Each structure stands twice: as C-alpha cells, then as structure tokens.
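In: Return atomic coordinates for the entry below.
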Amino acid sequence: MNVIVDARPVKNAIAQHAIGGGTENGDNYKNVKRIFLNIENIHTMRESLGKVKEALKDSDISSELINKELLEKSNWLYHVRNILKQVDLLTKTIELNSMHLVVHCSDGWDRTAQIVSLIQICLDPYYRTLEGFIVLIEKEWCSFGHKFNERLGHLINESNFTNNTNGNGKMGGAGSMLNAIKDNILNDDLESPLSIWNFFV
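Out: Now for the predicted structure:
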C-alpha cells in the first residue's frame, strides 16, 4: 500500500478544493491510503511565534519570570509537537511498514520540505552529517523553490534597500529592480518560522 500525505489540516484542503484548489480524488488511485497531518499554514505559525517572542521579550534582561500564560496561549509547543509526532508516524510508516509516501501541502515549498527533510534525517544518518545536511537543503528546499528571502524576512524592514545606481537621485537600473523586489515580492505576509533555518537553529 502507498500513502498520500497531505500536510494541511483537513478543513484547509476542503476550503481550497471548494475554490478549485488541488486535492486528490481517491477514485483515481488504487491501493492508496490518504492522510492529513493537520499542520497549520505560515500565517498561523507566524502568529504563534509572535506570541512566543512577546512572552520571552524581556526574559534575558529582567528578573521577571517568563509570561507562561502567554507562552501557553501561543500554541507554539503544540505546533512543534504535532510536526514531530507526524514525522515519527511517517518515518515508521516507511521503515516498519515498507510503504511509499507522496507528501504535499498547498504549494509544496514549506510544510512539504520540512516534513520530508525531517523524515530523511530520521531515516538516513548521512543527512545528519554537515555534508548530508547541505545536500538535503539543496535537494528538498532549493530545488523545490523554497522562498528563503520571503520566509526569513531579512530584507523586509531594510531601510537602505533602495540603490540609486546612476548617482543623480533618480532611480534606474539595479535600483529599480531592487525596489520592485521589495515592493512586489518581499511581504510581511509571506514571512514564516516554517523555514528550515528557524526550525533547526
């Protein structure tokens, strides 16, 4: 038996299907089981991490205790626990049951990359080496188009992002291109802690 793994919550898959988005039709596959991992999208994760930051913001410079109530309300530990629980399930599905997996989410460059990378780290010691980890990032993240700039958000708040290349104060050439990237691609709404760097570091 093979398993089609949808990393999204069921409700998200149903909502996206209702507006013409993709999900598998079970009638098209034989001897296949479909499961949902119920991993939330980047917006939910970003909101959750924001609450963690708020709960911890003064903990390194203040004698005040961490705001445990806010930390608990963040649901961050629930999200991390859910991801690790699902990785454990899928790792055992491959290793103990000799099943094949097809893993996807909405776009394939966030939850999918995260899940398949963690599974490979669990199953193959090569990916637990520095060389193997580099190969894994290239293979599962870069090659599948993970949006590192947008997800990490390093350039979003950069005040000196504009580059006036012609020296006369008018925008042109590379400067125009950089501003177009900032205005049209880099977006606070795309920033997410789902990036592999935030998850592993």
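In: CA only for contacts and neighbour counts going forward, please
Out: Will do.
In: Report the mean per-residue pLDDT for stretch 55-75.
Out: The average pLDDT within stretch 55-75 is 79.
In: just how off-centre is that stretch within its chain?
Out: In terms of Cα atoms, centre = their mean, to the nearest Å, the centre of stretch 55-75 is set 24 Å apart from its chain centre.
In: One more: stretch 133-140?
Out: Offset of stretch 133-140 from its chain centre (Cα atoms, centre = their mean): 15 Å.
In: Pull out the buried residues from it.
Out: Buried residues in stretch 133-140, counted by 16 or more other Cα atoms under 10 Å: 133, 136, 137, 140.
In: swap in stretch 73-86?
Out: By 16+ other Cα under 10 Å, the buried positions in stretch 73-86 come out as 74, 75, 76, 79, 82, 83, 86.
In: again, but for stretch 66-75
Out: 66, 71, 74, 75.
In: got a list of what the last one touches?
Out: Contacts for residue 75 were tallied using Cα atoms under 8 Å, 6 or more residues apart in numbering; they are residue 48.
In: coming back round to it: looking at the buried residues of stretch 66-75, which one is closest to residue 8?
Out: Closest approach between these and residue 8, by Cα to Cα: residue 75, at 16.9 Å.
In: related to what we said a few turns ago, from the buried residues of stretch 133-140, which is closest to residue 43?
Out: So of those, ranked by how close each gets to residue 43 (Cα to Cα), first place is residue 140, at 21.8 Å.
In: close enough to count as contact, that closest one and residue 110?
Out: No: assessed by Cα atoms under 8 Å, residue 140 is found out of contact with residue 110, at 10.0 Å.
In: returning to that earlier point: mind checking which of the buried residues of stretch 66-75 land in helices?
Out: Among those, the members falling in helices (DSSP state H) are residue 71.
In: In TSV, list the buried residues of stretch 66-75 along with distance to residue 123.
Out: As requested, those are exported to TSV (distance: Cα to Cα, whole Å):
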residue	distance to residue 123
66	36
71	32
74	31
75	28
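In: Out of the buried residues of stretch 66-75, which comes closest to residue 25?
Out: Nearest to residue 25 among the buried residues of stretch 66-75, with distances taken as Cα to Cα, is residue 75, at 32.1 Å.
In: any idea how far the closest one lies from residue 55?
Out: Distance, residue 75 to residue 55, by Cα to Cα, to the nearest Å: 12 Å.
In: show me where this structure has strands.
Out: Here the chain has its strands, by DSSP state E, at 2-6, 32-36, 100-104.
In: Kindly indicate which of the buried residues of stretch 133-140 lies nearest residue 41.
Out: Among the buried residues of stretch 133-140, residue 140 lies closest to residue 41 (Cα to Cα), at 18.5 Å.
In: Would you mind measuring from that closest one to residue 114?
Out: For residue 140, the distance to residue 114 - Cα to Cα - is 8 Å.
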